[in-house]
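# please find the sequence and the predicted model below.
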Amino acid sequence: MPGAAHHISDALVRVASSGAIGVGVAAALLVAVRMLAPPAERGKLRLPIALLCLHVAVLLARLPLDPASPLHRALSVVGLFFLLTALGRAAFLLVVDLILGVRLGRPLSRIIRDIFQGLVYAGAVLITLRAAGVEPGSLLTTSALLTAVIGLSLQETLGNLFAGLAIQAQQPFEVGDWIQIEPDPRLIGQVIEINWRATKVLTNDQIELTIPNGTLAKSTIRNFTKPTATARRTIEVRGPHDVSPRVVEQALLDAAASAPGVLPAPPPFVLAARFEDNGIAYQLYFFTDDFARRDRVDSAVRQRIWFAFQRAGISIPVNTHAVRMADTSSEAHARSEAEARQRRLQSLRVVDFLAALPPPLLERLATLTKTCHYMVGEVVIRQGAVGHELFIVQSGEVSVVVGREGGSTAEVARLGPGKFFGEMSLMTGEPRSATIQAVSDCELVKVDKEAFHEILAAAPDVAEKITEVFAARQSAIDENVSVRRARADAEEARTVALVEKIRQFFSL
């Protein structure tokens with residue numbers, strides 16, 4: 001093997017010393033890299049081009065010198081070094097970055113590239129020393145003490161190097177993975193680089209952490225990207241003691257189901273964690289594949305929990321040791337309830353078939369109904385679902401979405417304050433004919449079957465008046481459809497007549 005190495009180095013020295021041949025080989029390699037490399041990678045050619053230019057400059061500088069002079073020989077050695085490094089760098093770019101990169105489907109890691117490139121440069125140095133008449137083996141043998149000193153001083157650096165090689169071999173994480181070092185939540189970030197000395201991690205605060213590979217090799221690493229990008233998240237919420245855990249669990253599941261970033265599978269689930277002085281602690285578990293936006297996903301879930309609890313009449317318990325100053329008198333409560341009831345009454349009056357109710361019954365219905373809050377993006381009702389509630393938009397806006405054949409959907413209308421939906425489900429029990437989704441934070445007045453049943457039971461004759469209103473509305477709809485159909489038929493007849501006239505005029 002040593003003999004083969006000597007032959008290879010001698011051959012390289014002869015090629016480099018031949019001037020035109022060495023420059024031609026280097027230029028050919030550079031042209032090949034220039035043609036094969038993508039535009040973003042062509043900037044790497046600057047170093048080998050600069051080295052080749054230095055080699056040519058050295059060749060030109062030694063032309064007027066006596067070949068036997070020491071300066072001529074020194075310039076020849078320097079020029080040889082420049083040419084060998086240019087050849088090595090160009091060959092490295094061609095073989096490692098282009099050929100191996102294409103075959104592997106991805107570029108080699110930074111640390112592997114640095115090691116290969118270091119070996120190439122070390123080979124260039126050894127060949128240059130041999131061409132200068134210095135035997136590298138004897139040089140290393142005579143400097144054993146220097147080698148020992150350098151080895152001791154580079155002990156930590158070499159440890160990081162070998163730790164980096166172990167990371168590349170085992171691949172506990174790769175560039176792009178989200179990892180956590182130790183249990184410290186501040187040390188969670190995305191791997192952006194793995195080099196021969198350290199690994200760089202970028203946190204959500206856009207802080208770059210440089211962690212020595214030796215430290216990583218001794219630490220416990222949590223990888224949130226492997227084996228899959230799906231990560232489980234946990235949110236703890238407290239519910240009151242006097243509300244059934246089943247009710248709280250369903251409200252939490254409804255909140256998670258509509259939050260952006262939460263995966264439908266695996267499905268979210270809820271555990272009753274423990275009993276506390278101020279309530280029951282529940283843990284909501286859900287999954288997301290967008291770990292980079294995990295804080296935003298958690299925030300969206302918490303917001304929807306508040307809205308879901310408000311609709312279900314669930315209050316989030318406060319600390320029992322907290323002192324709250326509030327007007328809890330019966331007068332204040334009655335005043336607040338009266339204001340809310342008056343707002344609901346105004347919303348009920350805009351519904352055409354409810355206008356047939358006598359004022360006392362309408363006021364009673366306002367007492368039996370309640371106001372529900374929905375967050376933007378939440379679904380109020382789904383097409384095809386069974387429901388027995390009428391909703392009146394008190395504030396905000398909702399979207400009416402209808403499903404089509406093939407699974408596509410289309411928005412057919414938007415309803416603002418004073419508009420209502422769900423009347424057919426309330427009156428006849430028909431399945432929902434469309435999906436209603438909040439496009440802004442909404443307040444909706446909900447009239448359920450039980451409340452309306454009480455009103456009809458108190459005044460059975462009102463049902464006939466409501467039926468008359470429904471019949472009149474349906475007649476108006478049918479008449480509108482008939483008018484549109486007649487217009488369409490007339491338009492079609494005019495089109496046919498016009499086509500016939502054109503054909504007659506041109507004798508077609």
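Cool, the structure landed.
# what's the closest non-adjacent residue to residue 224?
Leaving aside its chain neighbours, residue 224 sits nearest to residue 178 (4.3 Å; criterion: CB to CB, 6 or more residues apart in numbering). The way it works is simple: take the backbone N, C-alpha and C, and place the C-beta from them, glycine included.
# could you do residue 172 as well?
In space, and not counting its chain neighbours, residue 172 is closest to residue 221: 5.8 Å by CB to CB, 6+ apart.
# that older thread, what about the residue nearest to residue 224, distance to residue 204?
Separation of residue 178 from residue 204 (CB to CB, to the nearest Å): 10 Å.
# give me the more crowded residue out of those two.
Taking neighbours as other CB atoms under 10 Å, residue 178 and residue 204 compare with residue 178 leading, 21 against 14.
# phi, psi for the residue positioned nearest the centre of the chain please.
What sits nearest the mean C-alpha location of the chain, by CA atoms, centre = their mean, is residue 290, with 4.1 Å. Torsion angles at residue 290 (phi, psi; degrees, to the nearest 10) stand at phi -120, psi 70.
# do residue 64 as well
When read as degrees, to the nearest 10, the backbone of residue 64 gives phi -80, psi 0.
# pLDDT below threshold where in the stretch 401-508 of the chain?
469-470, 472-486, 488, 498-499, 501-503, 505-508 (pLDDT under 70).
# just the helices in it please.
Under the criterion DSSP state H, counting those that start in this stretch, helices of the stretch 401-508 of the chain are mapped to 423-428, 449-458, 462-505.
# for the stretch 201-350 of the chain, same thing?
Counting by DSSP H, counting those that start in this stretch, the helices of the stretch 201-350 of the chain are 213-218, 245-257, 294-312, 330-348.
# buried residues of the third one, list them for me.
What that stands for is helix 294-312. Residues of helix 294-312 classed as buried: 294, 297-298, 300-301, 303-305, 307-312 (neighbour count, 16 or more other CB atoms under 10 Å).
# of those, which is the nearest to residue 354?
Checking those against residue 354 with CB to CB, the nearest one is residue 311 at 22.1 Å.
# okay but the closest one is in contact with residue 371, surely?
No. The pair residue 311 / residue 371 is not scored as a contact, 9.3 Å apart, by CB atoms under 8 Å.
# relative to residue 97, how far out is residue 83?
As judged by CB to CB, residue 83 and residue 97 stand 21 Å apart.
# which one's more surrounded, the two?
Set residue 83 next to residue 97 and count neighbours by other CB under 10 Å: residue 83 wins out with 28 against 18.
# so where's the protein shaky on pLDDT?
Looking along the chain with the criterion set at pLDDT under 70, you get 1-20, 101-111, 135-170, 320-330, 469-470, 472-486, 488, 498-499, 501-503, 505-508.
# mind splitting it into its structural domains?
Listed by automatic domain parsing, the domain ranges of the chain are 2-142, 159-223, 233-312, 362-458, 464-508.
# now render these as a markdown table, adding distance to residue 350.
Listed next are the domains of the chain as a markdown table, based on distance: least, CB to CB, whole Å:
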| stretch | distance to residue 350 |
| --- | --- |
| domain 2-142 | 61 |
| domain 159-223 | 47 |
| domain 233-312 | 22 |
| domain 362-458 | 5 |
| domain 464-508 | 13 |
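# nearest to residue 352, of the ones you listed?
Closest approach to residue 352 among the domains of the chain (CB to CB): domain 464-508, 5.8 Å.
# number of residues surrounding residue 236?
For residue 236, the count of nearby residues is 11 (other CB under 10 Å).
# name all residues that make contact with it.
273, 281-284 (CB atoms under 8 Å, 6 or more residues apart in numbering).
# which PyMOL command selects the buried ones in the residues you listed?
Here is the PyMOL command that selects the buried residues among those (16+ other CB under 10 Å):
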select buried, resi 281+282+284
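# quick check, nearest of the contacts of residue 236 to residue 56?
When the contacts of residue 236 are compared for distance to residue 56 (CB to CB), residue 284 wins out at 69.9 Å.
# show me the contacts for that closest one.
Taking CB under 8 Å, 6+ apart, we find residue 284 in contact with 234-237, 252-253, 255-256, 268, 270, 301, 305.
# do the same with residue 189
178-179, 201-204, 207, 209.
# which one (most neighbours) among the residues you listed?
Neighbour tally across the contacts of residue 189 (other CB under 10 Å): the maximum, 25 neighbours, falls on residue 201.
# is it true that that one touches residue 215?
No. Counting by CB under 8 Å, residue 201 does not reach residue 215; the two are 11.7 Å apart.
# contact partners of stretch 69-85?
Here stretch 69-85 makes contact (CB under 8 Å, 6+ apart) with 12-13, 16-17, 22-23, 26, 48, 51-52, 54-55, 58-59, 61-62, 65-66, 121, 123-125, 127-128, 131-132.
# sounds good, over and out.
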